[in-house]
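give me a model of this one.
(2 chains)
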Amino acid sequence: AQKVTQAQTEISVVEKEDVTLDCVYETRDTTYYLFWYKQPPSGELVFLIRRNSFDEQNEISGRYSWNFQKSTSSFNFTITASQVVDSAVYFCALSTMNTGFQKLVFGTGTRLLVSP
Amino acid sequence: EPEVTQTPSHQVTQMGQEVILRCVPISNHLYFYWYRQILGQKVEFLVSFYNNEISEKSEIFDDQFSVERPDGSNFTLKIRSTKLEDSAMYFCASTGLAGVGDTQYFGPGTRLTVL
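This is a model prediction of the structure:
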């Protein structure tokens, strides 16, 4: 079975602080994809990043960076110099070959509150 | 930039009534999905659809639910007899090539309230 755990329910930071959101996944498949989505207060789900299981290279996009470690089954997300606009719920998700990549399994999300 | 659209944004209905939620996926996408999110909870997969057939469904997707692609652009989710516990945000998503773990792009959601 596939599972995604986001142990941090809510994180509060002050603007300009760095923050890391944790994601731990479980799957027996060797081929899988990991995703991060952002859900701002307006409610939509915004795609942030997709990473396949064969690519452990870390990625940086502006203030965002992702650390993928297969050894610990983790795919953590760091926001550098956080801003108020980063306030949202962030979801980590997994899709696997076992289900033909037909569905995303989501974690429970981490609510990030960035105060000025 | 192409995007998934959903209508209505908010639907209020009485328990036992039928509702149809509508989605227009990204035009060249081939795989379509419905997910739901009960308020404050995680996003849950309902069903995936490809080539005019359901390709996978979750245990949530029981006989009360059905999906259809009535024409070349719309993708609908029907709930035949709504229950209070169907109140949730329903998201439609689409992707081009699910077989390679392609990114699913989500619509803005329809908030369904069952009274």
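
contacts and neighbour counts: CA atoms only from here.
OK.

residues near residue 112, how many?
No chain in the question, so chain A it is. 23 (other CA atoms under 10 Å in any protein chain shown).

that's the wrong chain, I meant chain B
By the criterion of other CA under 10 Å, B:L112 has 23 neighbours.

partners of the host helix or strand of it, with directions?
Secondary-structure assignment from DSSP states H and E places B:L112 in strand B:110-114. Sheet pairing of strand B:110-114 (DSSP bridges) gives strand B:10-13 (parallel), strand B:88-95 (antiparallel).

what distance separates the lowest-mean-pLDDT helix or strand in chain A from the centre of its chain?
Among the helices and strands of chain A, strand A:59-61 carries the lowest confidence by mean pLDDT, DSSP states H and E, at a mean of 88. Shown here is strand A:59-61, whose average C-alpha point lies 13 Å from the average C-alpha point of the whole chain (CA atoms, centre = their mean, to the nearest Å).

may I see the buried residues of that strand?
Within strand A:59-61, not a single residue qualifies as buried, counting by 16 or more other CA atoms under 10 Å in any protein chain shown.

what sits against the closest residue to A:L104 other than its chain neighbours?
Residue nearest to A:L104 in three dimensions, not counting chain neighbours: A:S95, with 4.9 Å by CA to CA, 6 or more residues apart in numbering or on different chains. A:S95 makes contact with A:Y32, A:Y33, A:L34, A:F101, A:Q102, A:K103, A:L104, A:V105, B:G101 under the criterion CA atoms under 8 Å, 6 or more residues apart in numbering or on different chains.

how near is the first one to A:W66?
In this structure, A:Y32 and A:W66 are 16 Å apart, going by CA to CA, to the nearest Å.

equivalent analysis for the fourth one, please.
Noted for A:F101: a distance of 22 Å to A:W66, by CA to CA.

which residues of chain A lie near chain B?
Residues of chain A found near chain B (CA under 8 Å from any CA of the partner chain) are A:32-33, A:43-47, A:50, A:95-97, A:100-109.

just the ones of those residues in strands?
When DSSP state E defines the strands, the subset of these inside them is A:Y32, A:Y33, A:V46, A:F47, A:R50, A:S95, A:T96, A:V105, A:F106.

how about the nearest residue to the first one, chain neighbours excluded?
By that I understand A:Y32. Residue nearest to A:Y32 in three dimensions, not counting chain neighbours: A:T96, with 4.2 Å by CA to CA, 6+ apart.

residues near that neighbour, how many?
Residues near A:T96, counting by other CA under 10 Å, number 26.

got it, and the one 5 residues further on?
The tally of other residues near A:F101 (other CA under 10 Å) stands at 20.

before I go, just wanted to say thanks for your time.
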